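S.K.: Provided below are the primary sequence and the corresponding predicted coordinates.
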Amino acid sequence: MTDPTTTRDTSTRLNAMRKTLREVFGISRLRPGQREIIRSVLERRDTLAVMPTGAGKSLCYQLPALHLDGWTLVVSPLIALMKDQFDKLREAGIDAWRINSTVPATELRESYEALRGARRGIVFVTPEQLTRQDLIDALHAGSQRIELVVVDEAHCVSQWGHDFRPAFLRIVDAVKALGKPPILALTATATADIRDDIVRSLGLREPRIVNTGVYRDNLHYRVTQVSVAGGRLRASTRAKEAKTAALRTLLASETGRGIIYTATVREAEHVAATVRGWDVAAACYHGRMSARERHDAQERFVSGDVRVMISTNAFGMGVDIPDIRFVVHYQMPGSIDAYYQESGRAGRDGKAARCELLFDLNDRRVQQFLALGRYPDAALLRRICDALAQRTESPGPGLTARELLDAVPDVGRNKLAVALKMLTDSRHVSRDRLQRYRLREAGGDHGRDSGEDSAIEAAVERYAQLATRDRDALQQMIDYAQTGGCRWRVMLEYFGDAQGFERCGTCDNCLNPLEATLEAQRTAPDDKKPPRRAGRKPRFGRGDAVRVRKYGSGHVVFSTDEQVAVLFPDGTTRTFMARFVKAEIA
């Protein structure tokens, strides 16, 4: 039952916010979902908000923060995202501070002093900084308590999410240390699995979930099929030639700014060199560049000095550029989650934008390769245990994550964090308040007893489920690229948001439906109809009538010598090895 006093207080603050909305933010009215989220925040309820890119998620904490009797702590995954929001708040005259690894020492001291003395404000921190005990102590020592914790890009907290960040798993520890203030988790997209995992990982208590949907009618989706037949090397070469031609045509037809995404650093650099060769002003951005190089590339794109950004998925999250007119995926991403997040960076101003995938079926091998090293295996867990055992057997504290990076060479920081999470979850390794790791007491020789082996095997088995999930997600991405139906409907079905939705009317399949191809073939004169293809491994064209054993008759949506996607009368599209697909006999 709602406390009447809380209800009156919430109504009073909502009324006061109308003036703030106009005078500070220059906005006359809230968008769908914003009022419900803000009310939930004022009622001190844990809240999970799923809102599409450009729908105004930031306002859902910035506006109430100015009317709360204490601090708003915003956990943000990217320093570039943090800087963008921090600068805009400062320009609006709002008290804001930031704490991350790039902030100068002078500014850090000012931030800590503000935490101890100011009445209210917004402080941005990275999840990595939130693990520091000195920051927790400073937040505790302040004259005002933390009134709200905001977790931006909350899908990063979910091990089922495409952008999983191990450091996000530690947020729940910081929230407990701060007295469990209410949490507002914000994300642009989340399947039911990801929503459940966010709730569990952040320890949300009976949260209010506000989901405004993911559909954006200004995003027009296209898939250009560049898969070709032949041996792997020959097919790859021809597919790249087809991609290059399609990309050059697209850049010539589009006049606005755009992003071209690749799956690998090597391909990003190759595409950037190619595009510059066409006298197109372009920048390149990826994780192997120095921080200065990445900053300069982003600034050149944001300022408009360059028209095209060629990047891995390292670029784009939270970058507020409203007039991006196109997003091209030169290589397919590993999931529909990732594709929606990345393509959704187009058209934040609400105007029409083009989202195009250059689809080569062979690109699935790139994603399969990337997935191989995503999760730790038993051998790595045992190496970590061996390193901890050596410290455990000698006097002194355990090892920090930084020390473990030195003790276990050739392991990335994120992969080590996931491995340590696996070992602490299995209760084989403990972590103290100073973030030092130690083996828990166990009988027998450390690192080789049966208890350790069983704990490691259990942890690896649980994470094997994530690898299976990744394979399924990749196949769903391939199914999207090969579908003959509305592309928006496929994505909405994936997110569980397709009820009542039939067709967008703007994607390539809606503009050129398979039914029209079939009708054109049916009414064409005999001498204009495509010849029947013969041979042991037939090649099929779009619209060809085929039969698949156990599934029946359908029509081809997409095909290569290896695979054929078939649309069946019940509206489903399935992909088969080509040898199982036979031409329908008239």
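M.R.: Structure received. Numbering: from 1, shown residues only.
S.K.: how is this structure carved up into domains?
M.R.: Per automatic domain parsing, the structural domains of the chain span 4-211, 219-370+470-494, 373-448, 513-583.
S.K.: Ends of the second one, what's the gap?
M.R.: Okay, so that is domain 219-370+470-494. One end of domain 219-370+470-494 to the other measures 17 Å (CA to CA, to the nearest Å).
S.K.: Quick check: mean pLDDT of it?
M.R.: Averaging pLDDT along domain 219-370+470-494 yields 89.
S.K.: try the shortest one
M.R.: Across domain 513-583, pLDDT averages out at 72.
S.K.: ok so, going back, would you mind telling me which of the domains of the chain is nearest residue 462?
M.R.: domain 373-448 (7.7 Å; CB to CB). Bear in mind the C-beta positions are built from the backbone N, C-alpha and C, glycine included.
S.K.: quick revisit: nearest to residue 457, of the domains of the chain?
M.R.: With CB to CB, the closest approach to residue 457 among the domains of the chain belongs to domain 373-448: 6.8 Å.
S.K.: next one: the closest one to chain centre, how far?
M.R.: Remark: domain 373-448 is offset 28 Å from the chain centroid, using CA atoms, centre = their mean, to the nearest Å.
S.K.: just stretch 249-264 next, same as before
M.R.: For stretch 249-264 - counting by CA atoms, centre = their mean - the centre lies 20 Å from the chain centre.
S.K.: What lies in contact with it?
M.R.: When contacts are defined by CB atoms under 8 Å, 6 or more residues apart in numbering, stretch 249-264 is touched by residues 247, 268, 271, 275, 278, 280, 301, 304, 307-313, 315-316, 321, 323-334, 342, 345-346, 354, 356, 363, 366-367, 370.
S.K.: thinking again about what came up before, can you list the domains of the chain in CSV and add distance to residue 459?
M.R.: Shown next, in CSV, are the domains of the chain (distance: least, CB to CB, whole Å):
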stretch, distance to residue 459
domain 4-211, 12
domain 219-370+470-494, 17
domain 373-448, 4
domain 513-583, 34
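S.K.: These into TSV, with extra columns for mean neighbour count and distance to residue 462?
M.R.: Shown next, in TSV, are these (neighbours: other CB atoms under 10 Å; distance: least, CB to CB, whole Å):
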stretch	mean neighbour count	distance to residue 462
domain 4-211	19	10
domain 219-370+470-494	19	14
domain 373-448	16	8
domain 513-583	15	29
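S.K.: Nearest approach to residue 505 belongs to which of those domains?
M.R.: Comparing the domains of the chain by CB to CB, domain 219-370+470-494 comes nearest, at 8.2 Å.
S.K.: can you tell me which helix or strand residue 477 belongs to?
M.R.: Assigning secondary structure by DSSP states H and E places residue 477 in helix 450-482.
S.K.: for residue 62, same thing?
M.R.: Using DSSP H and E, residue 62 maps to helix 59-65.
S.K.: Whichever helix or strand comes after that helix: partners in the sheet, and parallel or antiparallel?
M.R.: Downstream of helix 59-65, the first helix or strand assigned by DSSP H and E is strand 71-75. According to DSSP bridges, strand 71-75 forms sheet pairs with strand 121-125 (parallel), strand 146-151 (parallel).
S.K.: rewinding a little: with just CA atoms, put the helix holding residue 62 into PDB.
M.R.: Provided in PDB are the C-alpha atoms of helix 59-65 (Å, rounded to 0.1, in the frame of the first residue of the first chain):
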ATOM      1  CA  LEU A  59      16.400  13.100 -18.600                       C
ATOM      2  CA  CYS A  60      14.800  10.300 -16.500                       C
ATOM      3  CA  TYR A  61      17.500  10.800 -13.900                       C
ATOM      4  CA  GLN A  62      18.700  14.300 -14.600                       C
ATOM      5  CA  LEU A  63      15.400  16.000 -13.900                       C
ATOM      6  CA  PRO A  64      14.600  14.200 -10.600                       C
ATOM      7  CA  ALA A  65      18.200  14.700  -9.500                       C
END
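S.K.: Can you spell out which helices and strands pack onto it?
M.R.: helix 4-23, helix 34-42, strand 71-75, strand 121-125, strand 146-151, strand 183-187 (3 or more CB pairs under 8 Å, 6 or more residues apart in numbering; DSSP states H and E).
S.K.: per-residue confidence averaged over the second one?
M.R.: Rounded to a whole number, the mean pLDDT of helix 34-42 is 92.
S.K.: What angle do helix 4-23 and that helix make with each other?
M.R.: 130 degrees (axes from the mean of the first three to the mean of the last three CA atoms, to 10 degrees).
S.K.: which helices and strands sit right next to helix 34-42?
M.R.: Taking 3+ CB pairs under 8 Å, 6+ apart as the contact cut, helix 34-42 packs with helix 4-23, strand 47-50, helix 59-65, strand 183-187, strand 208-211.
S.K.: swap in the longest one?
M.R.: With contacts defined as 3+ CB pairs under 8 Å, 6+ apart, the secondary structure elements packing on helix 4-23 are helix 34-42, helix 59-65.
S.K.: quick one, strands of the stretch 401-550 of the chain?
M.R.: Taking DSSP state E, counting those that start in this stretch as the test, the strands found in the stretch 401-550 of the chain are 429-431, 437-439, 545-548.
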